[in-house]
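*Asks:* Predicted coordinates and the sequence they were generated for:
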Amino acid sequence: MVAGQPTFSAHVDLDEVVGVAAALVAVDTSNPPGGERPALPALDAALGRWVERRTEVEPEPGRVSLVVDVAHPDGPGDRPRLLVNGHLDVVPARPDAWASDPFEPTVRDGRLYGRGAADMKGGIAAAICALDVLARAGVAPACDLTFHLVADEEVGGGLGTAALLDAGLLRGDACLVPEPTGMACCIAERGLLQGHVTVHGRPGHASRPDEGASAIAAAAAMVGALHGRRFGAAAEHPLLGRTTCNVGTIEGGSGLNVVAETCRFGVDRRVLPGATAESTEAELQAHLATVPLAPGVRWEWQRRVFGEASELDPSAPFLGRVAAAVASATGAPAAMIGMSFTTDARFVRNQAGIPAVVCGPGDVAQAHVVDEWVSLERLAQATAAYAALFAAFDGA
């Protein structure tokens, strides 16, 4: 326990937290195809008596984000507002690869297994149950609280947090994002550019390949020039390292006996703070333009999604509040980390100008994997830490 920081661990009802997390995991919110509405009944049941105002934002049918203003036990007042942003969608799972059904949550060996247990329904459950912890402890939050339980984060957030931003609902003094960090405080994350390169060649008979211009052969040269390349200056970001480039998909050709007329491959670039969509695409396209190609071959680039990198000043007072709350629950200083991937915290930091810390009970090593799990011990620690944060965040 940290001096001056209360501990709420004794007031955590682990069965309650696991029950809420399991109820959320049991709802298949795979994205793609996407569809978060079925998760709303579980959220409404968990939030129950805490709801002061409930708003649904549905930019496309079934793609729902839930905004809940929490009723303060002392009634209206002049208090800072703390946002809790968590995404309801999960990446798809192949049931045949799992030891048990990914959407039938299972507790064994001190872990809750199921798709979304770590990323990030366990973190959402801990944040909701922290309200009950405060009630049992007889402590009122020092702030007003708003939960943003959003759609679409796994494929860019355009139908989720970005839609809340467009609707003018991203308003607050600070934001907690309970993504999986192993209870470390993440204050920086890379951005990403994803898109496709389509290569056009000239078809011909497979028995005379030199008379055609293979789009697959050209694409292979381009893939070799891109995959694993580190763009930009040699200097590394202290928390994020360097840029990366991955070619993750490829498809092309129409038959074994035809020189391929088209080929398409997908690119994922991770970028550092300061990079824009335009600068990142310009780098990529300029490098592709240096690849020697056969006469008659042409290519085009199409962006799928861009998300900026983001970071929080390490001296931000809110970071100190989160770190102290984590230390009070875990008994150890909170680590400060960066993440190689991107979260919805970028909208909060970059567009809304709100300080955001990413800190949650899951481990990033469990995100998107087969037999995903979250530790029950971490769930309990997160619930106590969030209660401590809610009790301490007074905007000072």
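*Replies:* Cool, the structure landed.
*Asks:* what helix or strand does the residue nearest to residue 133 when sequence neighbours are not counted sit in?
*Replies:* Nearest non-adjacent residue to residue 133, counting by CB to CB, 6 or more residues apart in numbering: residue 387, 4.0 Å away. In short, each C-beta sits where N, CA and C put it, glycine included. Residue 387 belongs to helix 376-392 when assigned by DSSP states H and E.
*Asks:* quick one: the helices in the stretch 201-350 of the chain?
*Replies:* 215-226, 277-288, 317-330, 345-346 (DSSP state H, counting those that start in this stretch).
*Asks:* Pick the most deeply packed of those helices.
*Replies:* Neighbour counts (mean count of other CB atoms under 10 Å) averaged over each of those peak at helix 345-346, with a mean of 26.
*Asks:* Outside of it itself, list whatever touches it.
*Replies:* For helix 345-346, the external contacting residues (CB atoms under 8 Å, 6 or more residues apart in numbering) are 85, 175, 177, 179, 186, 189, 191, 307-310, 356, 358.
*Asks:* Over to stretch 57-74?
*Replies:* 34-37, 40, 43, 47, 49-56, 79, 88, 131, 135, 140-141, 144-152, 159-161, 163-164, 167, 169.
*Asks:* Pull up the distance across it, start to finish.
*Replies:* 28 Å (CA to CA, to the nearest Å).
*Asks:* who touches the nearest residue to residue 373 once chain neighbours are set aside in this structure?
*Replies:* Leaving aside its sequence neighbours, residue 373 sits nearest to residue 111 (CB to CB, 6+ apart; 4.1 Å). Residue 111 sits next to 373-376 when contact means CB under 8 Å, 6+ apart.
*Asks:* Between the residues you listed, identify the one with the most neighbours.
*Replies:* In terms of neighbours by other CB atoms under 10 Å, the contacts of residue 111 top out with residue 374 at 31 neighbours.
*Asks:* My guess is it contacts residue 115. True?
*Replies:* No: when contacts are counted by CB atoms under 8 Å, residue 374 is not listed as touching residue 115 (11.4 Å).
*Asks:* Select from the contacts of helix 345-346 the one having the most neighbours.
*Replies:* residue 85 (32 neighbours).
*Asks:* Please flag which of the contacts of stretch 57-74 sit within helices.
*Replies:* Within the contacts of stretch 57-74, residues falling in helices by DSSP state H are 40, 43, 47, 131, 135, 161, 163-164.
*Asks:* could the residues you listed go into JSON lines alongside pLDDT?
*Replies:* Formatted as JSON lines, the ones in helices among the contacts of stretch 57-74 follow (pLDDT from 0 to 100):
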{"residue": "40", "pLDDT": "98"}
{"residue": "43", "pLDDT": "98"}
{"residue": "47", "pLDDT": "97"}
{"residue": "131", "pLDDT": "98"}
{"residue": "135", "pLDDT": "97"}
{"residue": "161", "pLDDT": "98"}
{"residue": "163", "pLDDT": "98"}
{"residue": "164", "pLDDT": "98"}
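*Asks:* No further questions, thank you.
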